[in-house]
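Asker: I would like the atomic coordinates for the input below:
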Amino acid sequence: MTTPTTFAALGLREELVAALAALGYEEPTPIQAEAIGPLLEGRDLLGQAATGTGKTAAFALPLLQRMEPRGRRNAPVALVLAPTRELAMQVSEATHRYGRQLGARVLPVYGGQPIGRQLRELERGVDVVVGTPGRVVDHINRGTLDLSTLRTVVLDEADEMLDMGFADDIEAILEATPAERQTVLFSATMPSRVDKIARRHLRDPVRILIAREAAPAGEAPKVRQSAYVVARAHKPVALGRVLDVESPEAAIVFCRTREEVDSLTETLNGRGYRAEALHGGLSQEQRDKVMGRLRGRTADLLVATDVAARGLDVDHLTHVVNYNVPSAPEAYVHRIGRVGRAGREGVAITLAEPREHRMLKQIERSTGQRINVEKVPTVADLRSRRLELTRAALHEVLIADDLEGYAAVLDSLTDEYDVVQVALAAVKLAHEATTGPAGEDEADIPTVAARPESSGPSPSRGPRPARKQLADSTRLFIGLGRAAGVRPQDLVGAITGESSLSGRDIGAIEIADRFALVEVPSGSADEVVQALRKTKIKGRKATVRLDAGYAPR
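Answerer: Numbers count the residues shown, from 1 in each chain. This is a model prediction of the structure:
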């Protein structure tokens with residue numbers, strides 16, 4: 001069977017084809033080419049495709065075409081369920097653009113927005129509702145959303161919705177829709193719980209699997225995947241090194257907990273990055289401001305939890321960083337699917353502790369893709385990269401050719417100094433203006449070995465280097481946190497100012513609202529405790545003790 005190469009060949013209406021042409025779409029993606037035909041015929045469909053493959057148009061165009069041109073109706077003919085507010089907004093905006101010439105009325109419904117506007121629009125009448133499961137159920141219970149005339153229901157990112165606990169809501173919504181509806185389910189992964197939903201609610205569905213496009217021979221893959229094995233105490237510094245060398249245009253750094261997000265965000269901002277935190281503890285207004293700064297390019301790093309970042313789509317995103325190895329291969333697939341879209345290259349980076357190396361292997365086996373384990377950039381690597389950035393900046397100035405105004409300065413200096421020395425001094429000034437003065441780099445991060453996949457130590461061997469590295473650290477509890485304005489640099493300053501330790505001796509720092517946890521060398525733990533008990537942090541005395549819940553590693 002010949003695959004259609006144009007949208008017109010798929011049998012779409014002229015208005016839809018014209019709308020796509022105006023938006024710059026020239027030919028259908030693989031998922032669109034395979035899905036649009038069966039959906040136009042009214043078939044149910046079960047599709048597995050990664051984020052960024054064109055799923056929205058694949059289901060939105062057929063449901064718009066199947067809208068009957070009969071009068072202005074009040075009740076919708078199509079319902080699209082999405083896991084997050086952000087994704088619901090994106091799908092709604094895209095569907096509105098595609099159906100503008102058809103006069104399609106599209107309404108997004110989600111939490112975090114005053115319900116009054118949604119109620120008014122539903123009362124006026126809409127054709128397509130795009131919503132999160134919780135808010136859709138809310139409207140059904142209020143009697144403000146009539147699903148009796150639905151012809152199509154779409155479950156977009158079904159695995160994400162189930163991961164977020166919407167299984168009962170999805171069941172309730174589907175039970176409230178007509179039995180003869182068309183049902184479409186898209187998912188990036190197909191775990192058993194998604195398959196169960198499909199078997200229960202889809203009738204003889206067309207099944208489509210769109211694998212990630214393989215790079216042609218000799219070309220680099222669209223998503224370069226790499227990992228760095230790093231002891232936990234050195235992860236913040238290692239992350240900074242990797243970011244310095246990679247120089248992402250925009251990046252998402254995934255963390256496991258809210259506390260880790262807040263602590264790492266402060267650490268990164270202390271190192272000079274423009275980082276923003278995103279997690280479930282933020283209000284919708286705060287969340288919108290964070291995303292506005294990222295999309296407006298006044299921030300270049302987003303530090304987030306999985307749940308908070310679901311459904312986000314940032315056009316200029318170039319890097320995804322796993323600060324910890326994801327606990328499941330499906331989570332890894334979702335994260336890296338945010339980069340390398342539409343033919344652009346992306347980078348996926350994972351920081352793994354030695355004990356997590358087997359989890360990397362599990363992800364490789366599950367995805368069928370290799371994750372290259374690389375060495376953490378050294379101080380020499382970092383200096384080389386910074387000099388390269390300085391050279392590039394100077395090159396741009398030279399190309400601009402607007403240097404005449406500085407000729408007098410050069411003339412006066414070359415009367416006394418060699419022109420090469422003057423040029424080197426200028427390069428030094430330019431370099432320090434963008435990267436800081438020389439000598440600020442930390443010491444090289446110790447290399448650690450990944451633990452073998454088999455469990456238990458070999459009786460013929462001594463302790464592994466990675467274990468030895470981690471065994472010499474002790475965690476301290478400090479009874480002041482974010483509520484007192486404590487930042488990582490405050491703790492480092494207090495410890496180095498009152499004890500014999502230097503900044504490079506201090507390990508991981510975690511700051512919660514009411515307390516902080518700091519790793520220090522075990523041999524110096526008592527000294528640091530006694531020193532901090534005698535001083536003030538942010539002008540306040542703090543309870544300082546060994547963390548009772550911490551087992552030295």
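Asker: Show me what the most centrally placed residue in the chain bridges to in the sheet.
Answerer: Geometric centre of the chain, nearest residue: Ile252, 3.9 Å, by C-alpha atoms, centre = their mean. Note on Ile252: beta-bridge partners Leu302, Val320, judged by DSSP bridges.
Asker: where does the stretch 151-300 of the chain have low pLDDT?
Answerer: Along the stretch 151-300 of the chain, segments meeting pLDDT under 70 span 211-221.
Asker: now the strands for it?
Answerer: Ranges of strands in the stretch 151-300 of the chain, per DSSP state E, counting those that start in this stretch, are 152-155, 182-187, 206-210, 223-229, 251-255, 275-278.
Asker: need those strands in JSON lines with distance to Gly103, can you?
Answerer: C-beta coordinates here come from the backbone N, C-alpha and C atoms, glycine included. Shown next, in JSON lines, are those (distance: least, C-beta to C-beta, whole Å):
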{"stretch": "strand 152-155", "distance to Gly103": "18"}
{"stretch": "strand 182-187", "distance to Gly103": "22"}
{"stretch": "strand 206-210", "distance to Gly103": "29"}
{"stretch": "strand 223-229", "distance to Gly103": "40"}
{"stretch": "strand 251-255", "distance to Gly103": "37"}
{"stretch": "strand 275-278", "distance to Gly103": "37"}
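Asker: if we compare the ones you listed, which one ends up closest to Ala198?
Answerer: strand 182-187 (5.6 Å; C-beta to C-beta).
Asker: Give me the contacts around that closest one.
Answerer: 39, 42-49, 55, 58-59, 151-159, 174, 194, 197-198, 201-203, 205 (C-beta atoms under 8 Å, 6 or more residues apart in numbering).
Asker: list the buried ones in it?
Answerer: Gln182, Thr183, Val184, Leu185, Phe186, Ser187 (16 or more other C-beta atoms under 10 Å).
Asker: And the third one, how far from His96?
Answerer: So that's Val184. Taking C-beta to C-beta, to the nearest Å as the measure, Val184 falls 19 Å from His96.
Asker: Let me see the ranges of the helices in the stretch 401-550 of the chain.
Answerer: 407-414, 419-435, 465-471, 488-498, 525-533 (DSSP state H, counting those that start in this stretch).
Asker: out of those, which comes closest to His316?
Answerer: Across the helices of the stretch 401-550 of the chain, closest to His316 is helix 419-435 (C-beta to C-beta), at 21.0 Å.
Asker: which residues touch the closest one?
Answerer: Contacts for helix 419-435 (C-beta under 8 Å, 6+ apart): Arg386, Leu387, Leu389, Thr390, Ala393, Leu394, Leu410, Leu413, Thr414, Ala438.
Asker: so that helix versus helix 407-414, what angle?
Answerer: On the basis of axes from the mean of the first three to the mean of the last three C-alpha atoms, to 10 degrees, helix 419-435 is oriented at 120 degrees to helix 407-414.
Asker: if you average pLDDT over helix 419-435, what comes out?
Answerer: The pLDDT scores in helix 419-435 average 78.
Asker: Stretch 371-383 too?
Answerer: 82.
Asker: start to end distance for it?
Answerer: Start-to-end span of stretch 371-383 (C-alpha to C-alpha, to the nearest Å) is 26 Å.
Asker: to the chain's geometric centre, what's the distance from that stretch?
Answerer: Distance of stretch 371-383 from the chain centroid (C-alpha atoms, centre = their mean, to the nearest Å) equals 22 Å.
Asker: Flag every buried residue along it.
Answerer: Ile371, Val376, Pro377, Leu382.
Asker: and if you look at stretch 118-132?
Answerer: Within stretch 118-132, the residues scored as buried using 16+ other C-beta under 10 Å are Gln118, Glu121, Leu122, Val126, Asp127, Val128, Val129, Val130, Gly131, Thr132.
Asker: nearest to Gln286, of the helices of the stretch 401-550 of the chain?
Answerer: When the helices of the stretch 401-550 of the chain are ranked by proximity to Gln286 (C-beta to C-beta), helix 488-498 comes first, at 21.6 Å.
Asker: That closest one - contacts with which helices or strands?
Answerer: helix 258-270, strand 509-511, strand 516-521, helix 525-533 (3 or more C-beta pairs under 8 Å, 6 or more residues apart in numbering; DSSP states H and E).
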